[in-house]
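Visitor: need the 3D shape of this:
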Amino acid sequence: MSGSTNIYHITTREEWEAAVAKGSYQAATQPGEGFMHCSIAEQVPGVLERYYSGRTGLVKLRIDPDKLTSPLLYELAASVNQLFPHIYGPLNVDAVVEVNSI
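Guide: As a prediction, this is how the structure comes out:
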């Protein structure tokens, strides 16, 4: 293990449970955008505030980048002028090392 910084993704418990049964996860926005949005730990509160305010039944996935089978790129989100991790392809469920209810 190279000690890469964990990244995070927010989804619903229902979507995550379906992904576990299937063996991989794809975010609802992925087909249109080509990647899955993720965050580093410090970005999670802002993401929750901007995109998930008032939503319930959410989980935060902690992902070990060293276990990903799809490419990971850090790209600029111009709206907040920050680099965010994006996964280009399905998320293999064994890369998720922790799941927490939000």
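
Visitor: export the worst-scoring helix or strand of the chain on mean pLDDT to CSV, keeping only CA atoms.
Guide: Across the helices and strands of the chain, mean pLDDT, DSSP states H and E gives its lowest value to helix 30-33, namely a mean of 92. Extracted in CSV, the C-alpha atoms of helix 30-33 (Å, rounded to 0.1, in the frame of the first residue of the first chain):
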residue,chain,number,x,y,z
GLN,A,30,-21.6,9.0,-14.3
PRO,A,31,-23.2,8.1,-17.7
GLY,A,32,-23.7,11.7,-18.7
GLU,A,33,-20.5,13.1,-17.2
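
Visitor: would you mind identifying the next helix or strand past that helix?
Guide: Downstream of helix 30-33, the next assigned helix or strand under DSSP states H and E is strand 36-37.

Visitor: quick one: low-confidence residue ranges for this structure.
Guide: For the chain, applying pLDDT under 70 flags the ranges 1-3.

Visitor: mind listing the strands for it?
Guide: Using DSSP state E, the strands of the chain run over 7-12, 24-25, 36-37, 58-63, 72-77, 82-87, 91-92, 96-101.

Visitor: okay if I get the ones you listed as a markdown table plus mean neighbour count and distance to residue 18?
Guide: Any C-beta I mention is one placed from the backbone N, CA and C, and that applies to glycine too. As requested, those are exported to a markdown table (neighbours: other C-beta atoms under 10 Å; distance: least, C-beta to C-beta, whole Å):
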| stretch | mean neighbour count | distance to residue 18 |
| --- | --- | --- |
| strand 7-12 | 20 | 9 |
| strand 24-25 | 19 | 8 |
| strand 36-37 | 20 | 15 |
| strand 58-63 | 19 | 12 |
| strand 72-77 | 13 | 23 |
| strand 82-87 | 19 | 18 |
| strand 91-92 | 20 | 13 |
| strand 96-101 | 13 | 13 |
